[in-house]
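Novice: Predicted coordinates and the sequence they were generated for:
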Amino acid sequence: MTDNAVHDIVVVGAGIIGISTALALQAQGRHVQVLDRDDGLKKASEMNAGAFAFTDIVPLATPGIMRKAPKWLLDPLGPLSVPPAYALKIAPWMLRFWRASWPDRYRHSLNAQASLMDASRHALDCQIRETSAEQLFRRDGQLQLYEGEREFRASMDAWHLRKKHGIPFELLETRDAIAAIQPGIDARFTHAGYTPEWMNTCNPASFLKHLSETFLARGGRIEADDVMSVTPGEAFVSLSGRNGETRAANVIVCAGAWSRHLASTVGDSVPLETERGYNTTLADGAFDLRTHLTFGSHGFVVTRINDGIRVGGAVELGGLKLPPNYKRAETLLKKAKSFLPELKTEPGTQWMGFRPSMPDSLPVIDRSPRERRVFYAFGHGHLGLTQAAGTAKLVTELVQGQTPSIDMSAFSARRF
């Protein structure tokens, strides 16, 4: 049904980026309506690992990474894969990914990522305080685990970068030191890095629900509609959905993996691709987990969700339409059992979701180059939860005509 009113601001997408942005604009006195897909699927914002990975400042496109590319097609269950059926379609994105791994672009992306992480950490503190959400958080740190000294030494560049950017950590070089933080890890993991300020939400679905309910309680509106196009007009921007037309003075596109299509209807070409993430959530009491565990060389994490355990991660660049390959979730769970022998792997619930990914691991946070009344906030990959509050603050500054808190050039919609 067509809504003839011209709304002040319409946010497309009710994931963690969209709701955080709606709340931030609302706090500035703006009247905000959120439109969200009603496809019955669990959002990545609800089913992720619940981690705020402010220490993860290193982009995926690191120098030399393309030497590993042939393995991706040969190992469909590896930590980073491209299904053969999608290889040709993703080739242009992979070329940009390769260019992003060159030393000049890599350094630029790393510095921008560190800047956004710092801004997001401070913005999250404000968001937690202003929405009374502290009860939904754990501050138990993180262990990044390594199999042997060689793998540990190979990680030193990343730890030196963290030190340069003021991230506190402790390097552990004995199994006893690891066990003092987290007992029950297999003896093959001899070294680790511990980041004590790492934090998690107890349950990302509960956190998103809390923020959504806060937004509604403060006068916001969330409506179910699958927006198919965003069309600028002379007097307003028209959003065409399955339920009809919605009109807005300003539009914020926060539609995750579906944002590329919406940007194209405005006239903007953005090289957004889809990371398909997999996980398995295990029952309460599956393991005595005391900190967030990251098995970096295997591409997955083990984390607490309420009193249960979630095992998930890895990257499959496979788009929105291919059927899920749940063997990936099964492989991660088998590895987790091997690494944590006391882990109880049944019963468990599998999930696959979509993460919007840019070639340089940086999101798009910008005004549309084609239409000044349309703004973009998408492409965060697996860091959407981490960077949501910071992104919301930056988008709000753009909409309000304020000087952004950080240099925004690296997040430009024009950069490719």
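Specialist: Alright, I've got the coordinates. Residues are numbered from 1 along each chain as shown.
Novice: hang on, residue 222 in a helix?
Specialist: No: the assignment for residue 222 (DSSP: H, G, I helix; E, B strand; the rest coil) gives strand, which keeps it out of a helix.
Novice: and it, how many residues sit next to it?
Specialist: 18 (other C-beta atoms under 10 Å). For glycine as for every other residue, the C-beta is placed from the backbone atoms N, C-alpha and C.
Novice: what's the distance between the residue nearest to it when sequence neighbours are not counted and residue 224?
Specialist: Distances taken as C-beta to C-beta, 6 or more residues apart in numbering place residue 34 nearest to residue 222, at 4.5 Å, with adjacent residues excluded. Residue 34 sits 10 Å away from residue 224, going by C-beta to C-beta, to the nearest Å.
Novice: more crowded one of the two?
Specialist: Under the criterion of other C-beta under 10 Å, the comparison of residue 34 against residue 224 puts residue 34 first, with 25 against 14.
Novice: can you tell me which residues contact that one?
Specialist: By C-beta atoms under 8 Å, 6 or more residues apart in numbering, the contact set of residue 34 is 10-14, 18-19, 22, 215, 220-223.
Novice: same thing but at 7 Å, please
Specialist: Residue 34 makes contact with 11, 14, 18, 22, 220, 221, 222, according to C-beta atoms under 7 Å, 6 or more residues apart in numbering.
Novice: Show the model's pLDDT score for the first one.
Specialist: According to the model's per-residue confidence, residue 11 sits at a pLDDT of 98.
Novice: That one: what secondary structure?
Specialist: Residue 11 is classified as strand under three-state DSSP.
Novice: Looking at strand pairing, list the partners for it.
Specialist: Beta-bridge pairing of residue 11 under DSSP bridges involves residue 34, residue 252.
Novice: Test my guess that residue 194 contacts residue 143.
Specialist: Yes: counting by C-beta atoms under 7 Å, residue 143 is a contact partner of residue 194 at 5.6 Å.
Novice: Which one of those two is surrounded by more residues?
Specialist: Neighbour count, other C-beta under 10 Å: between residue 194 and residue 143, residue 143 has more, with 23 against 20.
Novice: coming back round to it: now that we have the contacts of residue 34, which of them are buried?
Specialist: Burial by neighbour count, judged by 16 or more other C-beta atoms under 10 Å, picks out 11, 14, 18, 22, 220, 222 from those.
Novice: Please tabulate these in CSV and include distance to residue 121 as additional columns.
Specialist: Formatted as CSV, these follow (distance: C-beta to C-beta, whole Å):
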residue, distance to residue 121
11, 23
14, 24
18, 20
22, 21
220, 25
222, 27
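Novice: which one of the residues you listed sits closest to residue 416?
Specialist: Using C-beta to C-beta, residue 18 is the member of the buried ones among the contacts of residue 34 that lies nearest residue 416, at 23.2 Å.
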